[in-house]
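> just coords:
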């Protein structure tokens, strides 16, 4: 894909949006409703923009991954090893796995040469526990671990979701991490009369604690795939595991039931309703205004508020007009400037609850950075040479990663509110 594909797609979308605006302005100026033909044209424009939005998002994910790969050179101790290319490390890893799975007859000359360049045949790389990180971090033991983890992290970042908005912290271990929170919102300074004493008032102090929950996943790769010289083992494994980790953690970061259920607290679980609609499957412009104003203006005025919502809710919003008959959803006019809902940027999160289901929390508004994600230590990555080889002729790759999350705010402070669909009649 062209590295600048997203720029071309944005320019194409800007042209279509200009045509939509021109058609809408003409109807408003003439103070009339759209004709059937004009409505069809407008809907076609809208469908084209939705298609381009999907293409732009896909192109940006690819470009972001390419940028990250290009920006991070493979680390190496220059006194022992020169930097090795991804192709060499890939071949060395394949050869090493095949050789230690009693499939040495499939190790090609290219793989053997790569293994020697990575010092993968010496004692510095132990396989007693079948883990890439075991032993002294030199040779391919260092390079493969580093590149695989970088690939997994890139996949997690490209997936987006809650991580795009939350505050992410890292800690070395999963020991309980106490987090002090204080409520100072109801205390004000007062005028002191001459000679009078100052009254000291303590803030309301509370505590939240972040722990760690282990997320794990595994994938199998057949020997035939390893033998294929064109198969990008590093890319395939890191992308697959990274996307699985992103989906699993993002789901819990949205709807997790909390420590009592041995999982992180999800944002939707922790927030309260800023507005409840009168319809079970619809909301309107007034509902969104009410939701925005349910968040304290002190939070709104900080400039960090935005929407987060399921794509089905975004579909509804794209059809909503304000009192001047203008659509409240506005696409990005130029690269680097986000699309907006009523002037606020937004993030689509498919692990939010969807319209038309039994759930009813379809979107949130506020400063999502108060939601804090804790990443514990480093990811554990293990190669299982023997577990699946006899029965399936495959090699297993397993990853474990530890995380927790919660909305770190004092009781009674609500920087994020959700819109809740009502229990009344359908619209």
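Thanks, I have the structure now. Quick caveat: nothing in here was measured; it's all calculated off a predicted structure. Numbers count the residues shown, from 1 in each chain.
> could you pull out the helices for this protein?
Along the chain, counting by DSSP state H, helices occupy 5-29, 36-71, 86-99, 109-117, 139-159, 223-227, 233-255, 267-270, 285-294, 297-300, 311-317, 389-392.
> Residue 326: which of these is closest?
helix 5-29 (6.9 Å; C-beta to C-beta). C-beta coordinates here come from the backbone N, C-alpha and C atoms, glycine included.
> Next, the buried residues of that closest one.
Across helix 5-29, burial judged by 16 or more other C-beta atoms under 10 Å covers 5-6, 9-10, 13-14, 16-17, 20, 23-24, 27.
> Could you export these as CSV, including distance to residue 391 and pLDDT?
Formatted as CSV, the buried residues of helix 5-29 follow (distance: C-beta to C-beta, whole Å; pLDDT from 0 to 100):
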residue, distance to residue 391, pLDDT
5, 43, 73
6, 44, 74
9, 46, 83
10, 50, 81
13, 50, 83
14, 55, 83
16, 54, 86
17, 55, 81
20, 57, 82
23, 62, 83
24, 62, 80
27, 66, 79
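> and of those, the nearest to residue 333?
Taking these together and measuring to residue 333 by C-beta to C-beta, the closest member is residue 14, at 6.2 Å.
> Next one, pLDDT for the spatially most central residue of the chain please.
The centre of the chain sits closest to residue 160, judged by C-alpha atoms, centre = their mean, with a distance of 2.2 Å. Residue 160 carries a pLDDT value of 70.
> same thing with the one 5 residues further on?
Reading off the per-residue confidence, residue 165 sits at a pLDDT of 94.
> which ones are touching it?
Contact partners of residue 165, counting by C-beta atoms under 8 Å, 6 or more residues apart in numbering, are 306, 308, 347, 368-369, 371.
> separation between it and residue 283?
21 Å (C-beta to C-beta, to the nearest Å).
> cool, and residue 305?
Residue 305 is 18 Å from residue 283, by C-beta to C-beta.
> more neighbours, the two?
residue 283 (26 against 19; other C-beta atoms under 10 Å).
> Give me the pLDDT for the closest residue to the more buried one other than its chain neighbours.
Leaving aside its sequence neighbours, residue 283 sits nearest to residue 277 (C-beta to C-beta, 6 or more residues apart in numbering; 4.6 Å). Residue 277 is assigned 91 on the pLDDT scale.
> Could you verify my assumption that residue 277 touches residue 419?
Yes - Residue 277 lies in contact with residue 419 (C-beta atoms under 8 Å); the separation is 7.1 Å.
> list residues touching both of these two?
283, 287.
> What are the buried residues along stretch 285-305?
287-288, 290-292, 294-296, 299-300, 305.
> Return the distance of it from the chain's centre.
Relative to its chain's centre, stretch 285-305 lies at 23 Å (C-alpha atoms, centre = their mean, to the nearest Å).
> ditto for stretch 35-52
30 Å.
> Tell me who's in contact with residue 57.
Contacts of residue 57 by C-beta under 8 Å, 6+ apart: none found.
> Quick check: the gap between it and residue 10.
For residue 57 relative to residue 10 (C-beta to C-beta), the value is 11 Å.
> ditto for residue 357
Applying C-beta to C-beta to residue 357 and residue 10 gives a distance of 32 Å.
> Now do the domain split for the protein, please.
Per automatic domain parsing, the structural domains of the chain span 1-64, 72-159, 172-427.
> lowest-confidence stretch among the ones you listed?
domain 72-159 (a mean of 53).
> Any figure for the gap between the closest residue in space to residue 42 that isn't next to it in sequence and residue 331?
Of all residues not flanking residue 42 in the chain, residue 23 sits nearest, at 5.9 Å (C-beta to C-beta, 6+ apart). Counting by C-beta to C-beta, the gap from residue 23 to residue 331 is 15 Å.
> what does residue 410 give?
Residue 410 is 38 Å from residue 331, by C-beta to C-beta.
> higher neighbour count, the two?
Of the pair residue 410 and residue 331, residue 331 is the one with more neighbours under other C-beta under 10 Å, namely 21 against 17.
> Just confirm residue 287 contacts residue 275, I think it does.
Yes - counting by C-beta under 8 Å, residue 287 does reach residue 275; the two are 5.4 Å apart.
> Overlap of the contact sets of those two?
Counting by C-beta under 8 Å, 6+ apart, the residues touching both residue 287 and residue 275 are residue 419.
> List the buried residues for stretch 215-226?
215, 217-218, 221, 223, 226.
> same question, stretch 367-379
367-376, 379.
> what's the answer for stretch 152-169, then?
Quick answer for stretch 152-169 (16+ other C-beta under 10 Å): 152-163, 165-166.
> what about the residue nearest to residue 283, distance to residue 224?
54 Å.
> follow-up on the earlier one: right, and the helices of the chain - which one's nearest residue 337?
helix 5-29 (9.7 Å).
> other SSEs contacting that closest one?
Using 3 or more C-beta pairs under 8 Å, 6 or more residues apart in numbering; DSSP states H and E, the elements in contact with helix 5-29 are helix 36-71.
> Run through the residues that contact residue 55.
Counting by C-beta under 8 Å, 6+ apart, the residues that residue 55 touches are residue 9.
> If we use 10 Å, what do you get?
Residue 55 makes contacts with 5-6, 8-9, 12-13, as judged by C-beta atoms under 10 Å, 6 or more residues apart in numbering.
> What of residue 256?
Going by C-beta under 10 Å, 6+ apart, the list of residues near residue 256 reads 213, 249, 262-270, 404-406.
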